[in-house]
Each structure stands twice: as structure tokens, then as C-alpha cells.
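Below is the structure, and that's it, no one-letter string:
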């Protein structure tokens with residue numbers, strides 16, 4: 001790329017007299033991100049310093065490690081040449097740079113380009129250019145070009161008469177013969193927008209689904225519209241992937257095959273995914289956790305996915321950069337050594353599950369004090385997740401079914417997960433180390449009516465009791481949307497579950513022990529992350545008070 005000026009102060013290249021984009025989250029927010037990146041001594045994807053600096057939506061968007069998940073389904077090689085268009089403040093640039101590939105990041109805003117340079121200040125394989133990509137004379141071809149949250153701006157920033165088709169043609173010319181174009185974009189017909197969430201770019205509900213865009217607006221598309229644009233641009237092959245809750249903070253990414261595989265339960269995976277609303281104005285008109293199973297049954301998940309990840313191949317011989325999986329599930333909110341990628345694949349007739357570390361992937365087992373984290377490869381258990389069934393029973397106020405499910409779980413836990421003598425006093429019944437996490441969300445009800453314990457990744461070298469595991473999950477149930485409406489008293493709800501399963505009702509000391517132990521374990525698992533409220537100093541105060549209360553109780 002010729003005619004670029006290198007600014008030694010910022011480390012950014014740009015055309016002479018380039019007029020920077022007037023695109024920003026606001027001076028206050030972007031200056032904060034820049035200063036954070038400048039001061040940080042670790043700007044990696046999972047930097048604890050950057051995670052600790054997240055304080056609001058703009059800083060989360062630019063600093064969260066979840067942002068990189070949208071690119072993780074791709075197998076990027078160190079010898080790849082990558083063009084990133086619209087690099088923002090560098091959240092995805094950083095991930096691309098960490099793969100070892102040669103990355104050219106083009107960003108129209110000078111301040112954002114400076115943020116990218118700071119984010120990648122220790123990566124010599126990342127070049128940052130501040131320009132409108134259409135103003136550049138690019139004399140290089142690329143293995144991968146990424147348009148992450150960029151394609152929808154084509155009418156606003158491109159010079160073309162037919163901005164979307166012509167932009168695709170423009171990028172096609174920049175790809176190597178076997179290159180790949182990667183597009184991440186909101187679905188115009190996404191379920192969140194059908195339920196009244198504001199259109200992400202224009203901040204008004206129903207703008208997209210009513211097609212109220214004007215010519216120069218940012219705009220999104222449905223699946224068929226995108227398919228038409230791609231084929232009209234002369235691309236030979238393309239593949240849709242479906243990130244949930246959206247491409248900005250993807251927790252799970254599905255292939256289309258996953259939606260049509262009778263052995264694979266997509267809506268169960270979606271149970272642990274919460275819709276993201278990027279406005280304070282919206283109040284949900286229905287519960288997506290109840291809607292996804294209906295859409296899955298009617299084969300509508302792909303049409304109503306909130307976002308698309310579109311992989312467009314330049315030729316039939318294009319690089320096969322996609323991991324051969326049905327779905328990828330990401331856990332990125334823990335202490336960085338415990339963050340994982342769970343891959344669901346179908347090499348033969350049965351679905352397999354493989355869990356990998358996102359860092360130090362060669363280590364199958366990690367021990368840290370009282371906690372051991374184990375990874376394994378196993379067969380996928382076909383059936384229904386008990387946690388999902390309990391959630392639906394609470395929300396539908398089907399109390400008979402609800403208490404049946406609780407009894408099934410507690411019986412399984414008692415039969416297989418306890419050691420030593422049985423007792424009605426669940427405080428005296430010890431749980432096996434590997435059954436610490438045997439809660440309903442990790443149990444599958446198979447076609448034979450048996451429960452199968454899945455995802456056994458934790459071993460706790462600490463004497464935990466049956467009452468602790470039960471209370472651990474019931475505290476989660478307490479937060480279900482309709483719980484307070486259907487069960488006005490949490491204590492009476494808990495007591496009923498214990499009594500119906502032949503156990504003594506919990507005493508005050510049980511609750512105190514549960515809370516203090518839970519805080520201790522979460523501190524160990526999530527330390528260095530921004531997951532949940534326990535990172536707040538007030539929780540350390542609560543834990544200390546609980547400790548002294550327990551000591552006083554034990555004296556009597």
C-alpha cells in the first residue's frame with residue numbers, strides 16, 4: 001500500500017490529508033479505552049488488567065474477551081495474510097494477531113486506530129492503517145478478509161452506486177484465489193428484534209423488520225437477502241453460521257447442520273445463553289428461553305438467529321478454514337486458565353463432545369489449591385437437560401412436574417454422588433469430589449428415563465455436603481423470572497423439597513455455610529474475571545461476616 005504516512009507518535013499509518021471518520025462511542029468512553037490500553041502491561045485477549053477495567057457497555061465492548069469468540073470457529077494459520085476492515089478498538093485484531101498471522105487492520109477513526117495500535121503494541125505482525133478502506137490502493141491479496149460489524153455500513157461509507165453488491169465485488173478482488181471473506185452481521189429478522197428490542201444501530205424498535213431504512217442508512221438483512229447479495233456478487237460458495245446471543249458477545253456458534261440433526265438438542269445449549277439488550281429502553285415481551293425450543297421444533301432457529309456469521313469462499317478450491325463441528329460453546333468468564341471451548345462434532349454416526357482450554361490447550365488437568373479442572377472427550381448424551389426442564393416447569397407453574405424433577409435429581413445425587421453413611425440430616429452426608437457440579441444443568445434425561453451426569457470438569461478437594469449441592473442449585477432457581485410469583489416464600493419452597501425427599505429441612509447454619517463456601521469457590525474459579533457480583537469488594541466483607549457468624553454458631 002503506497003502513499004501512506006507513518007506517524008511515529010501513534011504507530012499508525014494513514015494517507016496524507018486523510019479526513020478521519022466521525023464515528024465514535026463518545027470522547028469520554030474512547031479516551032478511557034485508549035488510556036487503559038496504554039497503561040496496561042498485558043493487552044492479551046484474556047488480560048486480567050483489561051477485564052478489571054470494564055465498567056460500562058463501551059468498555060465491555062472494546063475490552064471483553066468474549067468479542068474474540070466470533071472468530072474462534074475459524075482455523076487460522078500463522079502463514080495467513082489477513083485484512084481486517086473496521087478494526088474498532090482492537091478487540092478482534094488482538095485475537096487475530098495472537099494467531100501469528102500477518103494482520104493488516106484498517107480503521108477509519110484515528111482515535112480507534114490508535115487504540116488498535118496500543119492493543120497490539122507488542123505484536124510486530126499487526127499493521128494498523130487509519131483510512132476508509134475504499135480510499136486505499138491495495139497491492140496485496142489476502143487469505144482472509146474480515147468484516148465484523150462492518151458490512152451493514154457499506155451504503156454509508158462506500159462510494160458505490162450499488163453499495164452492498166459492489167462492496168462484495170471490491171473485497172472479492174482483494175482475496176487470493178482460494179481466499180475467504182468473513183462477515184458478521186445482525187439478522188434483520190432476529191428474535192430479539194421481533195420481540196421489540198431496538199435496532200442496534202438506529203436505536204429504535206422494529207426499524208429493521210419493517211424495513212424503514214433509507215438509502216444511506218446502516219442496514220441489516222435476513223438470511224435470504226444476504227444469500228442473494230453474495231451470489232449476485234459472483235462468489236461460488238458460502239456457509240452460514242449462527243452465533244448466540246449475537247455476534248458481538250457470542251457464547252455458542254451453531255452450524256446449520258446442528259439445527260437439523262435429530263440427535264442434537266440446540267435449545268438446551270441456548271438455555272445458558274441470555275439475550276443481550278444494548279439499550280435500557282427495552283422490556284422483554286416474552287421469554288426467549290421458552291421460545292427457542294418451539295422454534296427448534298419448527299426448524300426456524302436459523303431464520304430467527306439474532307446474528308449471522310457468513311463465510312464466503314472465493315472459489316470451490318477455497319481454504320477450508322472452518323472447524324468441522326456442529327457447534328462450538330465458549331466459556332470465557334472464568335480465571336483464564338479455566339476458560340474453555342466445547343466442540344460438538346459428528347465424525348461418524350454419533351455426536352462427540354470435546355472440551356479444550358482456550359489457553360494452554362495441551363493441559364488436560366490443572367490443579368489449583370482445593371480445585372482440579374479436568375478435560376475429556378466423550379459421547380454426546382441424547383436427551384433433555386434437567387435444568388431446562390426445571391426452568392420450563394417453574395415458568396409454566398407446573399409444580400407437580402417440578403417437584404418430580406427435583407426428586408429425580410436428588411435421588412440420583414444420593415445414589416451415585418454420596419459417600420459414607422446415609423442420613424436424613426443432609427449436612428452429614430458427604431458428596432464425592434467429582435459430584436460437586438452434579439446439578440440439574442449438568443444432567444441429561446435420556447430416552448430410557450435415566451439421568452446421565454455430563455460435563456464433569458471439576459474436582460473439589462474439600463468436604464462438601466449434600467445440603468450444600470442442593471442449596472447451591474436452589475439459589476439459582478430462586479432467580480428464575482416467575483419464581484417469586486409462583487413461590488412467594490423461598491424458605492418454604494426449600495423446605496418442601498427437602499421434606500419430600502426424606503431430608504431434614506435446612507437450618508440457619510446450612511444457609512450460612514452455603515453462602516460462605518460458594519463465595520470461596522467462585523473466588524477461586526472466577527478470580528481475574530468480571531463474572532458475577534463476587535468480584536465486588538463488598539462480597540469479601542460479606543464473606544468475612546459470614547465466617548465469624550459460623551464460628552460463633554459452632555461454639556454453641
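Arrived safely. What you see is a predicted model; the values in this text were computed from it and never measured.

Now tell me what touches stretch 55-70 from outside.
25-26, 29-30, 32-33, 36, 45-46, 50-51, 53-54, 88-92, 94-95, 115, 148, 184, 243, 247-251, 253, 278, 309, 330, 332-333, 339, 530 (CB atoms under 8 Å, 6 or more residues apart in numbering). Glycine gets a C-beta too; all of them are placed from N, C-alpha and C.

Can you tell me which of the residues you listed end up in helices?
By the criterion of DSSP state H, membership of those in helices covers 29, 30, 32, 33, 36, 50, 51, 91, 92, 94, 95, 115.

For stretch 211-229, what is the distance to the chain centroid?
Once both centres are worked out by CA atoms, centre = their mean, to the nearest Å, stretch 211-229 turns out to sit 25 Å from its chain's centre.

nope, stretch 125-135 is what I meant
Taking CA atoms, centre = their mean, one finds stretch 125-135 lying 28 Å from the centre of the chain it belongs to.

Any buried residues in that stretch, and which?
For stretch 125-135, the neighbour count (16 or more other CB atoms under 10 Å) marks 125, 126, 127, 128, 129, 130, 131, 132, 133, 134 as buried.

cool, stretch 39-49 as well?
Taking 16+ other CB under 10 Å as the neighbour-count basis, stretch 39-49 is seen to contain the buried residues 40, 43, 44, 45, 46, 47, 48, 49.

Show the end-to-end separation of it, please.
Distance across stretch 39-49, first residue to last, is 10 Å (CA to CA, to the nearest Å).

tell me the mean pLDDT over that stretch?
The average of the pLDDT scores along stretch 39-49 is 96.

Please apply the same query to stretch 8-26.
Per-residue pLDDT values over stretch 8-26 give a mean of 82.

Would you check how far apart residue 124 and residue 114 are?
As for residue 124, its distance to residue 114 is 18 Å (criterion: CB to CB, to the nearest Å).

neighbour-wise, which of these two wins?
More neighbours sit around residue 114 than around the other of residue 124 and residue 114, counting by other CB atoms under 10 Å; the figures are 24 against 9.

so who does the more buried one touch?
When contacts are taken as CB under 8 Å, 6+ apart, residue 114 is in contact with 10, 11, 12, 34.

Helices of the stretch 201-350 of the chain, start to end?
All helices of the stretch 201-350 of the chain, identified by DSSP state H, counting those that start in this stretch, fall at 223-232, 256-259, 266-270, 288-297, 301-304.

Of all the ones you listed, which one comes closest to residue 164?
Of all those, it is helix 223-232 that lies closest to residue 164, at 5.3 Å by CB to CB.

per-residue confidence averaged over that closest one?
Helix 223-232 carries an average pLDDT of 96.

Packing partners of that helix?
With contacts taken as 3 or more CB pairs under 8 Å, 6 or more residues apart in numbering; DSSP states H and E, helix 223-232 sits against helix 163-174, strand 237-244, strand 307-313.

What helices and strands are in contact with the last one?
Contacts defined by 3+ CB pairs under 8 Å, 6+ apart place strand 307-313 against strand 175-186, helix 223-232, strand 237-244.

again, only using 6 Å
Here strand 307-313 touches strand 175-186, strand 237-244, going by 3 or more CB pairs under 6 Å, 6 or more residues apart in numbering; DSSP states H and E.

is it possible to export those strands to CSV including mean neighbour count, mean pLDDT and distance to residue 269?
Rendered in CSV, the data for the helices and strands packed on strand 307-313 read as follows (neighbours: other CB atoms under 10 Å; pLDDT from 0 to 100; distance: least, CB to CB, whole Å):
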stretch, mean neighbour count, mean pLDDT, distance to residue 269
strand 175-186, 22, 95, 20
strand 237-244, 21, 96, 8
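
do you know which of those lies nearest residue 161?
The closest approach between residue 161 and any of these, judged by CB to CB, belongs to strand 175-186 at 20.8 Å.

residues in contact with that closest one?
Counting by CB atoms under 6 Å, 6 or more residues apart in numbering, strand 175-186 makes contact with 70, 141-148, 151-152, 171, 200, 220, 247, 307-315, 317-319, 321, all of which sit outside it.

Let me see the mean pLDDT of stretch 267-274.
For stretch 267-274, mean pLDDT rounds to 93.

swap in stretch 347-362?
For stretch 347-362, the per-residue pLDDT averages 88.

about what we covered before: give me the buried entries from the contacts of strand 175-186.
Restricting the contacts of strand 175-186 to buried positions leaves 70, 142-148, 151-152, 171, 200, 220, 247, 307-314, 318-319, 321, with burial counted as 16+ other CB under 10 Å.

which of the residues in stretch 99-108 are buried?
Neighbour-count burial for stretch 99-108, with 16+ other CB under 10 Å as criterion, is recorded at 99, 101, 102, 103, 104, 105, 106, 107, 108.

and which of the residues you listed is nearest residue 233?
Nearest to residue 233 out of the buried residues of stretch 99-108 is residue 106 (CB to CB; 20.1 Å).

ok now the host helix or strand of that closest one, how far from the chain's centre?
Element membership of residue 106, judged by DSSP states H and E, is strand 102-107. Here strand 102-107 is found 24 Å from its chain centre; the criterion is CA atoms, centre = their mean.

what comes into contact with it?
Among residues not part of strand 102-107, those counted as contacts by CB under 6 Å, 6+ apart are 81-85, 87, 93, 96-97, 113, 116, 125-129, 133.

Just the ones of these in helices?
Secondary structure of these is defined by DSSP H; positions in helices are 93, 96, 97, 113, 116.

The third one contacts residue 127, correct?
No - between residue 97 and residue 127 there is no contact, the gap being 10.0 Å when judged by CB atoms under 6 Å.

any shared contact partners between the two?
By CB under 6 Å, 6+ apart, no residue touches both residue 97 and residue 127.

excluding its backbone neighbours, what's nearest the spatially most central residue of the chain?
The geometric centre of the chain, computed from its C-alpha atoms, lies nearest to residue 251 (CA atoms, centre = their mean), at 2.1 Å. Residue nearest to residue 251 in three dimensions, not counting chain neighbours: residue 273, with 5.0 Å by CB to CB, 6 or more residues apart in numbering.

what sits against the one you found?
Taking CB under 6 Å, 6+ apart as the criterion, residue 273 is in contact with 244, 245, 251.

Please identify the buried residues of stretch 449-465?
For stretch 449-465, using 16+ other CB under 10 Å, the buried residues are 451, 452, 453, 454, 455, 457, 458, 459, 460, 464, 465.

For the last one, give its distance to residue 510.
Shown here: residue 465 relative to residue 510, a distance of 8 Å by CB to CB.

now do the third one
According to CB to CB, residue 453 and residue 510 sit 24 Å apart.

Show the contacting residues for residue 491.
Residues counted as contacts of residue 491 (CB under 6 Å, 6+ apart): none.

Name the SS class of it, please.
State at residue 491, reduced to three classes by DSSP: H, G, I helix; E, B strand; the rest coil: helix.

quick one: which of the buried residues of stretch 125-135 is nearest to residue 367?
residue 125 (34.2 Å).

which residues touch the closest one?
Counting by CB under 6 Å, 6+ apart, residue 125 has contacts 97, 102.

go again using 10 Å as the cut-off
With contacts defined as CB atoms under 10 Å, 6 or more residues apart in numbering, the neighbours of residue 125 are 78, 82, 96, 97, 98, 99, 100, 101, 102, 103, 104.

same thing with residue 354?
Taking CB under 10 Å, 6+ apart as the definition, contacts of residue 354 comprise 325, 341, 342, 343, 344, 345, 375, 376, 377, 378.

so what are the domain limits for this structure?
336-379, 384-506 (automatic domain parsing).

among those, which is nearest residue 294?
Ranking the domains of the chain by their distance to residue 294 (criterion: CB to CB) puts domain 384-506 first, at 11.0 Å.

Where does the prediction get shaky in this structure?
Scanning the chain for pLDDT under 70 picks out 2, 280-284, 316-319, 361, 528-556.

let's go with 80 and repeat that
Judged against pLDDT under 80, the low-scoring parts of the chain cover residues 1-2, 19-25, 236, 278-284, 315-319, 360-364, 368-369, 527-556.
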